[in-house]
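Novice: the sequence and its predicted three-dimensional model are supplied below.
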Amino acid sequence: MQDILYREPGRLISTIKTIVLPVDGSRNAARAATVAFELAEMMGAKLLIVHVVDLGAVQQVAKSSGSDFLSALQQYVTNGNKLLDGYKSAASGYKLQTELILERGEPSDKIVHVANERKADIIVIGSQGLGREDRTHIGGTTDLVTHKAGCAVLIVK
C-alpha cells in the first residue's frame, strides 16, 4: 500500500486575480455573490458577473406558450441584462472592479468557457440555481461546472 502524502500546491488564495460569478436570480446565486464580492474586494481581484440565457429553456418556453423563438429570446436577454445590472448595483457597495457578461447557450458550458477564456482563478457559484429544488444534491449546472472547470470552484449554500 502506498503512503498518502500531503504535497504543497503553492499559494492559492493570494494569487486570485479573476473571479467568475455565475448568476441566475436564485437565492443561492445571491449568497454566492456576497462571498464573491467580499473575496474580490479582499484580493483586489476583478469580478466577472456572468448570466447565461439557456437556449434550451427559451425554446421550451416559446414552444409551450405558442410564441416565436426570437421574441422569447429577446425577453430572456432583456431580463438577463436587468439581472446583471442589479448585481452590478449590489457590487457598488464594495471596492472592486466588475465586468458584466451575458452569454447564450448551455449554462455550464458557457460558464466554463468564460472562466477558461478569461483565465479565471476561481468560480464562485451557488449550490443550486432556479432549476429543481432537490435539497439532497447540488444543482445540475453547479455539478457540471465543478466537473468541467479548469480552475478552483467554490460552491456556496
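Specialist: Noted; the coordinates are in hand.
Novice: so where is the protein shaky, pLDDT-wise?
Specialist: Residue ranges of the chain with pLDDT under 70: 1-14, 129-139.
Novice: give me that answer again for 80
Specialist: For the chain, the stretches flagged by pLDDT under 80 are 1-14, 128-139.
Novice: so what's the residue count around the residue nearest to residue 91 when sequence neighbours are not counted?
Specialist: Distance criterion Cβ to Cβ, 6 or more residues apart in numbering; nearest residue to residue 91, sequence neighbours excluded, is residue 98 at 5.0 Å. Placement of C-beta: from N, CA and C, glycine included. Per other Cβ atoms under 10 Å, the neighbour tally for residue 98 reads 20.
Novice: Three-state assignment for residue 98, please.
Specialist: strand (DSSP: H, G, I helix; E, B strand; the rest coil).
Novice: for it, give its distance to residue 68.
Specialist: Using Cβ to Cβ, to the nearest Å, residue 98 is found at 34 Å from residue 68.
Novice: what ranges do the helices span in this protein?
Specialist: For the chain, helices defined by DSSP state H occupy the ranges 27-43, 55-65, 69-91, 107-117, 140-148.
Novice: residue 126 is nearest to which of the ones you listed?
Specialist: Of all these, the one in closest proximity to residue 126, counting by Cβ to Cβ, is helix 27-43 (2.9 Å).
Novice: so how many other residues sit close to residue 89?
Specialist: Neighbour tally, residue 89, other Cβ under 10 Å: 9.
Novice: ok, the one 10 residues further on next?
Specialist: Using other Cβ under 10 Å, the number of residues around residue 99 comes to 13.
Novice: what residues are up against residue 73?
Specialist: Under the criterion of Cβ atoms under 8 Å, 6 or more residues apart in numbering, the neighbours of residue 73 are 53, 55, 58, 62, 104.
Novice: drop anything exposed from the residues you listed.
Specialist: 53, 55, 58, 62 (16 or more other Cβ atoms under 10 Å).
Novice: ok, the residue nearest to residue 91 touching residue 41?
Specialist: No. Residue 98 is beyond contact range of residue 41, at 10.9 Å (criterion: Cβ atoms under 8 Å).
Novice: show me what residue 49 is bridged to.
Specialist: Taking DSSP bridges as the rule, residue 49 bridges to residue 21, residue 100.
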